[in-house]
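Q: build me a model from this:
(one chain, ligands or ions: 1)
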Amino acid sequence: MNEHDSERIAGLLEDDGYQRAGALEEADVMVLNTCCIRENADNKLYGALGRLKAVKAERPDALIAVAGCLAQKDRELVRERAGHVDVVFGTHNVHRAAELIDHARRHGPVVEILTETVRDDVEAFPSALPARRESEHSAWVTIQIGCDNSCTFCIVPAVRGPEISRPFGELVDEVRDLAASGVSEITLLGQNVNSYGRDLALSRRGSANGNSASAAGNSRVNVTSNGRGHAPADDDSWWCGPRWLADRRARPLFADLLRAVGEIDGIRRVRFTSPHPKDLRAETIAAMAEVPAVCEHLHLPLQSGSDTVLRAMQRGYTAERYLERLRAAREAVDDLAVSTDIIVGFPGETEHDFEQTLEVAAEARYDSAFTFIFSPRPGTAAADMGDRFVPHEVSVSRYERLRRVIERSSRLANEARIGRIEEVVVEGPSKKDPSVATGRSRRNTLVHFPSPDGPAPQPGTYARVEVTAAAANFLRGELVSIENAQAQAVAHSIEPARRLIPVAAV
Ligand code: SF4
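A: All right, here's what the predicted structure looks like:
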């Protein structure tokens, strides 16, 4: 989500006439987009700001902006600790980046932190803003912002606010626009994608009661004077089509969204992150199984295999419930890859609790996992559990034991692919060897393969690759065939960026 916000901030600035600087020393504006989910975010931010002080001293006209969730949390404190910062803005007003930077250039430092996102403000959703995408073939699409859960280790609800879903039709329009511009792979983004639409039902009820909130996803987005937003489709057939409307349900489900975007011409891969295990519905699993474009990959965060720890984390499920849902997904979706997030050393975690995590991880047979040692995030409930903190050396040892379990299952899963043909979408040449292409399989595994006829194929190329070797984190293979010469042509035909005004001339 944070990287997606960065793309939007870059897009807004380009839209305002800026262009990307070749090096930090040349930049007239430096934006630090912070993420306080990361460990030591405070130290990293203020360390980076300390280093930028010298740049600012040398070029006082250069502007420094701090954005993101740490800015949302620290507010005025950012300028109190680093007086050379010119602009501070948070998670609810990313869309104001260019205006605030312009304001600072004309009138001096500005701190603008909003306490919540305005539901009907189209531009409040990162995806509704211009973007400078890092990839031409792959795009993120924000389907909701915020989170209504209260996991005790997590700062997201405090810094991103309650869940707000984007209207269904607007999302379908956006994906259609992306497909028309050459994008073939999309990742639907949300803190808890499976609860997508829950708030739309509430707003519809509010609307029925005379409340002015927009009706359940029916708000059509108009093109604004600066060209932002999405035009309604010419005919309404797309709008009457969704199953949830035909079924007269009060809200669209995430499964409906998967089906709708998965049917759009040109979209070959639909990914999503992250579903909360407690909200993984049978409808979502059915959509994954039935819509060919939805990739065979499920990221299902476990966090802990101990019911005691899960309760302390306020996760809302038990280990058995988690495994039940995982079994249901594996039974329904052929060849499903599963990844997860696990925290070790949560306050109060005993050796017995941790062994339960090892057991669940072994039973889940994860293809990959993000594993973390618990570290308190200021402002969360878990940060106040200091009397139950697990000694660091114990956490480190548990982390190593868990890593070995995960590595074993990843290696086995990857070795089982040897001899199979994988569809790989090329991301670019390998960093180590430009004649080797690197890409992702539908199951989201990294695949490296040499290009027999010169340089690696273009990013966005779909290739069929026979797997010849496997490690825990990647596959190696031989190119069998290139599938989409046409997609390469589309990528080349994308309109070149309009000429941007150098910042110095603004
Ligand atoms: S579901 Fe829990 S971990 Fe995920 S964003 Fe919400 S509060 Fe944080």
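
Q: the residue in the stretch 201-350 of the chain positioned nearest to the ligand: neighbouring residues, count only.
A: Residue of the stretch 201-350 of the chain nearest the ligand, by CB to the nearest ligand atom: His276 (5.1 Å). The C-beta positions use only the backbone N, C-alpha and C, and glycine is treated the same way. His276 has 20 neighbours, counted by other CB atoms under 10 Å.

Q: do Ser304 as well
A: 25.

Q: doesn't Tyr317 make contact with it?
A: No: applying CB atoms under 8 Å, one finds Ser304 not in contact with Tyr317, separated by 10.6 Å.

Q: please enumerate the shared neighbours of these two.
A: Leu310 (CB atoms under 8 Å, 6 or more residues apart in numbering).

Q: ok, longest helix in this structure?
A: Looking across the chain with DSSP state H, the single longest helix is helix 392-415.

Q: and the gap between the most far-flung residue of the chain relative to its centre and the ligand?
A: Residue farthest from the centre of the chain, counting by CA atoms, centre = their mean, is Glu58 at 36.4 Å. When distance is defined by CB to the nearest ligand atom, to the nearest Å, Glu58 is 40 Å away from the ligand.

Q: next: Asn192.
A: Distance from Asn192 to the ligand, by CB to the nearest ligand atom: 5 Å.

Q: ok, the nearest residue to that residue once chain neighbours are set aside - contacts?
A: In space, Asn192 comes closest to His276 once its chain neighbours are excluded; the distance is 4.5 Å by CB to CB, 6 or more residues apart in numbering. Going by CB under 8 Å, 6+ apart, His276 touches Asn149, Asn192, Asn194, Ser195, Pro301, Gly316.

Q: turn these into CSV, including secondary structure, neighbour count and pLDDT.
A: As requested, those are exported to CSV (DSSP: H, G, I helix; E, B strand; the rest coil; neighbours: other CB atoms under 10 Å; pLDDT from 0 to 100):
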residue, secondary structure, neighbour count, pLDDT
Asn149, coil, 17, 94
Asn192, coil, 20, 92
Asn194, helix, 21, 92
Ser195, helix, 22, 92
Pro301, coil, 19, 97
Gly316, coil, 15, 96
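
Q: those: which two are farthest apart?
A: Ser195 and Pro301 (14.1 Å; CB to CB).

Q: okay, and the beta partners of Ser441?
A: Note on Ser441: beta-bridge partners Val424, judged by DSSP bridges.

Q: count the residues that sit near it.
A: 22.

Q: one more: Gln314?
A: The burial count for Gln314: 14, using other CB under 10 Å.

Q: same deal with Glu407?
A: Counted with other CB under 10 Å, Glu407 comes out at 16.

Q: dump the residue contacts of it.
A: Contacts of Glu407 (CB under 8 Å, 6+ apart): Ala472.

Q: distance of it from the ligand?
A: Glu407 is 24 Å from the ligand, by CB to the nearest ligand atom.

Q: over to Ala10?
A: Distance from Ala10 to the ligand, by CB to the nearest ligand atom: 24 Å.

Q: now do Arg160
A: Arg160 is 8 Å from the ligand, by CB to the nearest ligand atom.

Q: next: Glu185.
A: When Glu185 is compared with the ligand (using CB to the nearest ligand atom), they lie 24 Å apart.

Q: ok, that residue touching His137?
A: Yes: Glu185 is within contact range of His137, at 6.1 Å (criterion: CB under 8 Å).

Q: ok, the two, which is more surrounded?
A: His137 (25 against 21).

Q: quick check: closest non-adjacent residue to the more buried one.
A: Per CB to CB, 6+ apart, closest to His137 is Gly460, 3.0 Å.

Q: now that neighbour: which helix or strand?
A: Under DSSP states H and E, no helix or strand contains Gly460.

Q: now swap in the one 4 residues further on and tell me
A: Under DSSP H and E, the secondary-structure element containing Arg464 is strand 462-470.

Q: other SSEs contacting the helix or strand following that strand?
A: Using DSSP H and E, the helix or strand that follows strand 462-470 in sequence is strand 474-482. On a contact count with 3 or more CB pairs under 8 Å, 6 or more residues apart in numbering; DSSP states H and E, strand 474-482 meets strand 421-429, strand 446-450, strand 462-470.

Q: how about those strands, which one is nearest the ligand?
A: strand 446-450 (25.0 Å).

Q: got the contact list for the closest one?
A: 422, 424, 430, 435-441, 463, 465, 467, 473-479.

Q: which residues in the stretch 151-300 of the chain form strands?
A: 164-165, 185-189, 269-273, 297-299 (DSSP state E, counting those that start in this stretch).

Q: and the angle from the second one to strand 269-273?
A: Put plainly, it is strand 185-189. 20 degrees (axes from the mean of the first three to the mean of the last three CA atoms, to 10 degrees).

Q: pairing partners for strand 185-189, with directions?
A: Here, using DSSP bridges, strand 185-189 pairs with strand 138-142 (parallel), strand 269-273 (parallel).

Q: then the first one?
A: Sheet neighbours of strand 164-165, with direction, are listed as strand 144-145 (antiparallel) (DSSP bridges).

Q: mean confidence for the strand it pairs with?
A: Here strand 144-145 scores 88 as its mean pLDDT.

Q: quick revisit: list the buried ones in the longest helix of the chain?
A: Neighbour-count burial for helix 392-415, counted by 16 or more other CB atoms under 10 Å, picks out Ser395, Arg398, Tyr399, Leu402, Val405, Ile406, Glu407, Ser409, Ser410, Ala413, Asn414.

Q: tell me the angle of it relative to strand 462-470?
A: 110 degrees.

Q: how big is the angle separating helix 392-415 from strand 474-482?
A: Using the same axes, to 10 degrees, helix 392-415 lies at 30 degrees relative to strand 474-482.

Q: can we start the residue count at 356 from this point?
A: Let's use 356 as the start, then, which means that last one is helix 747-770.

Q: chain center to helix 747-770, what's the gap?
A: 25 Å (CA atoms, centre = their mean, to the nearest Å).

Q: give me the angle between it and strand 801-805.
A: Going by the same axes, to 10 degrees, helix 747-770 makes 50 degrees with strand 801-805.

Q: let's see helix 747-770 as PDB, backbone CA atoms only.
A: Output of helix 747-770 as PDB, limited to C-alpha atoms (Å, rounded to 0.1, in the frame of the first residue of the first chain):
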ATOM      1  CA  HIS A 747      15.300 -11.300  22.400                       C
ATOM      2  CA  GLU A 748      17.600 -14.300  22.300                       C
ATOM      3  CA  VAL A 749      14.700 -16.600  22.800                       C
ATOM      4  CA  SER A 750      12.800 -15.000  19.900                       C
ATOM      5  CA  VAL A 751      15.900 -15.200  17.700                       C
ATOM      6  CA  SER A 752      16.300 -18.900  18.300                       C
ATOM      7  CA  ARG A 753      12.500 -19.500  17.600                       C
ATOM      8  CA  TYR A 754      12.800 -17.400  14.500                       C
ATOM      9  CA  GLU A 755      15.600 -19.700  13.200                       C
ATOM     10  CA  ARG A 756      13.700 -22.900  14.000                       C
ATOM     11  CA  LEU A 757      10.600 -21.500  12.200                       C
ATOM     12  CA  ARG A 758      12.700 -20.400   9.300                       C
ATOM     13  CA  ARG A 759      14.000 -24.000   8.900                       C
ATOM     14  CA  VAL A 760      10.500 -25.400   8.900                       C
ATOM     15  CA  ILE A 761       9.400 -22.900   6.200                       C
ATOM     16  CA  GLU A 762      12.500 -23.400   4.100                       C
ATOM     17  CA  ARG A 763      11.900 -27.200   4.100                       C
ATOM     18  CA  SER A 764       8.300 -26.900   2.900                       C
ATOM     19  CA  SER A 765       9.300 -24.200   0.300                       C
ATOM     20  CA  ARG A 766      12.100 -26.300  -1.100                       C
ATOM     21  CA  LEU A 767       9.800 -29.400  -1.300                       C
ATOM     22  CA  ALA A 768       7.100 -27.400  -3.000                       C
ATOM     23  CA  ASN A 769       9.600 -26.000  -5.500                       C
ATOM     24  CA  GLU A 770      11.300 -29.300  -6.200                       C
END
